[in-house]
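Colleague: Okay, sequence plus prediction incoming.
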Amino acid sequence: MTTPTMAMKVLRSPRARRSSTTFLISAVFLGAVTIAAIFASFLAPYPPNQVDLLNIQAGPSPAHWLGTDALGRDTLSRMMYGARTALLAPLLVVVFSTIVGILLGLLAGWRGGWIDSVLGRIFDVIFAFPALLLAIMAVALFGKGLVAPVVAMSIAYAPFVARLTRSLIASERSRPYVAAYRVQGFGGGFIALRRVLPNVMPIVGAQSTLNFGYVLAELAALSFLGLGVQAPTADWGAMVNEAQSGLIGGYFLPALVPAVAIVLVVVAVNVIGEELSDRIGGEIPA
């Protein structure tokens with residue numbers, strides 16, 4: 001009988017099994033939320049803004065599984081439609097910030113010198129402003145909605161990706177395979193884009209996954225403050241804001257459901273991001 005390898009022992013350990021189970025549960029949950037958001041038009045039992053004055057603040061029932069809000073709108077239907085903005089806006093921020101961050105980090109890490117110094121100072125300036133503060137400033141300048149906050153947060157999160165990419169590229173640049181490609185006559189641009197960048201993309205992708213959860217929470221907070229998605233559009237953060245008046249009367253469900261959904265999605269995304277980081281090769285460097 002063969003002796004199990006160390007990798008197999010780790011995979012079979014209780015900690016590894018728990019980690020894999022948590023990862024699977026998180027992935028299934030996020031998949032279900034994504035499906036609900038994409039197919040909300042077919043899955044939601046009611047239109048998101050359908051008012052029913054005869055069922056104001058109704059509790060869970062066969063007709064309304066999660067009850068209704070202060071206008072009699074079905075909470076489950078609004079949750080499904082609200083998942084669209086809750087997921088799409090952070091996805092746009094992550095995509096834009098990752099693309100810009102990778103390009104700037106690649107430039108700084110590969111070229112070095114004064115380019116690295118100048119970009120580093122620019123990143124330090126942006127780091128001085130929290131992403132949520134930049135989003136609020138953007139709303140004050142350009143008006144309420146999601147466009148200005150998405151652009152502002154993309155700018156705020158790009159330096160995080162850029163700094164990570166720069167660190168990884170600078171480390172890869174000194175490896176022997178890069179010198180071997182240079183000896184063979186390959187240009188710097190080819191080596192950086194076609195050989196070095198693919199080696200660092202998994203770690204950058206894991207960091208971007210973690211950023212998704214942070215952005216989702218901050219955009220939900222923005223909508224809660226009334227600066228993001230505007231009524232009557234369904235959005236989880238806005239739903240918590242709209243349900244505040246019902247809390248005094250003891251109607252907790254319209255506020256509790258979207259709040260719990262935000263927490264669960266953020267936790268699920270963080271679990272997936274941490275698991276991806278562990279599988280790639282350890283903790284994401286600062």
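Modeller: Structure's in. What do you need?
Colleague: Name the SS class of F129, please.
Modeller: Recorded secondary structure, F129: coil (DSSP: H, G, I helix; E, B strand; the rest coil).
Colleague: Quick check: nearest residue in space to it, chain neighbours excluded?
Modeller: A156 (6.9 Å; C-beta to C-beta, 6 or more residues apart in numbering). Placement of C-beta: from N, CA and C, glycine included.
Colleague: What of G228?
Modeller: Once flanking residues are discounted, G228 sits nearest to L222: 4.0 Å by C-beta to C-beta, 6+ apart.
Colleague: Same check on A44?
Modeller: On the basis of C-beta to C-beta, 6+ apart, the spatially nearest residue to A44 that is not a chain neighbour turns out to be S77, at 4.0 Å.
Colleague: Can you name the residues that contact the residue nearest to G228?
Modeller: Counting by C-beta atoms under 8 Å, 6 or more residues apart in numbering, L222 makes contact with 132, 135-136, 139, 149, 228, 237.
Colleague: can you give me how far the host helix or strand of G31 is from the chain middle?
Modeller: Here G31 sits within helix 14-38, counting by DSSP states H and E. Offset of helix 14-38 from its chain centre (C-alpha atoms, centre = their mean, to the nearest Å): 15 Å.
Colleague: With stretch 250-266 instead?
Modeller: 18 Å.
Colleague: What of stretch 183-203?
Modeller: For stretch 183-203, the distance to the chain centre is 28 Å (C-alpha atoms, centre = their mean).
Colleague: now swap in stretch 148-167 and tell me
Modeller: With C-alpha atoms, centre = their mean, you get 12 Å for stretch 148-167.
Colleague: Wasn't Y46 part of a helix?
Modeller: No. Judged by three-state DSSP, Y46 forms no part of a helix; its state is coil.
Colleague: Can you read off the pLDDT for it?
Modeller: Y46 carries a pLDDT value of 92.
Colleague: Hmm, D69 and it touching each other?
Modeller: No. Using C-beta atoms under 8 Å, Y46 is not in contact with D69; the gap is 11.8 Å.
Colleague: So the two - more neighbours on which side?
Modeller: Legend: neighbour count by other C-beta atoms under 10 Å for Y46 and D69, higher for D69 (24 against 18).
Colleague: Counting neighbours, what do you get for the closest residue to that one other than its chain neighbours?
Modeller: Once flanking residues are discounted, D69 sits nearest to P254: 4.4 Å by C-beta to C-beta, 6+ apart. Other residues within reach of P254 by the criterion other C-beta under 10 Å amount to 26.
Colleague: who does the helix or strand containing P254 touch, helix- and strand-wise?
Modeller: Per DSSP H and E: P254 is located in helix 253-280. Packed against helix 253-280 by the contact rule (3 or more C-beta pairs under 8 Å, 6 or more residues apart in numbering; DSSP states H and E) you find helix 14-38, helix 75-111, helix 197-224, helix 236-242, helix 244-248.
Colleague: any residues touching the fourth one, and which ones?
Modeller: When you say that, I think you mean helix 236-242. Here helix 236-242 makes contact (C-beta under 8 Å, 6+ apart) with 69-70, 75, 78-79, 82-83, 85-86, 219-226, 228-231, 254-255, 257-259, 261-262.
Colleague: Need the buried ones from the residues you listed selected in ChimeraX.
Modeller: Filtering the contacts of helix 236-242 down to the buried ones (16 or more other C-beta atoms under 10 Å) takes a single ChimeraX command:
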select :69,75,78,79,82,83,85,86,219,220,221,222,223,224,225,228,229,254,255,257,258,259,261,262
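Colleague: distance of V263 from V150?
Modeller: Using C-beta to C-beta, to the nearest Å, one obtains 22 Å as the distance from V263 to V150.
Colleague: more crowded one of the two?
Modeller: Per other C-beta under 10 Å, whichever of V263 and V150 has more neighbours is V150, with 23 against 12.
Colleague: Just send the contacts of L222 back as CSV, with secondary structure and distance to R111 too.
Modeller: Listed next are the contacts of L222 as CSV, based on DSSP: H, G, I helix; E, B strand; the rest coil; distance: C-beta to C-beta, whole Å:
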residue, secondary structure, distance to R111
L132, helix, 32
A135, helix, 31
I136, helix, 35
V139, helix, 36
P149, helix, 32
G228, coil, 38
G237, helix, 41
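Colleague: And those, which is the shakiest by pLDDT?
Modeller: Out of these, that is G228, at 85.
Colleague: for that residue, phi and psi?
Modeller: For G228, the backbone dihedrals (degrees, to the nearest 10) come out as phi -100, psi -120.
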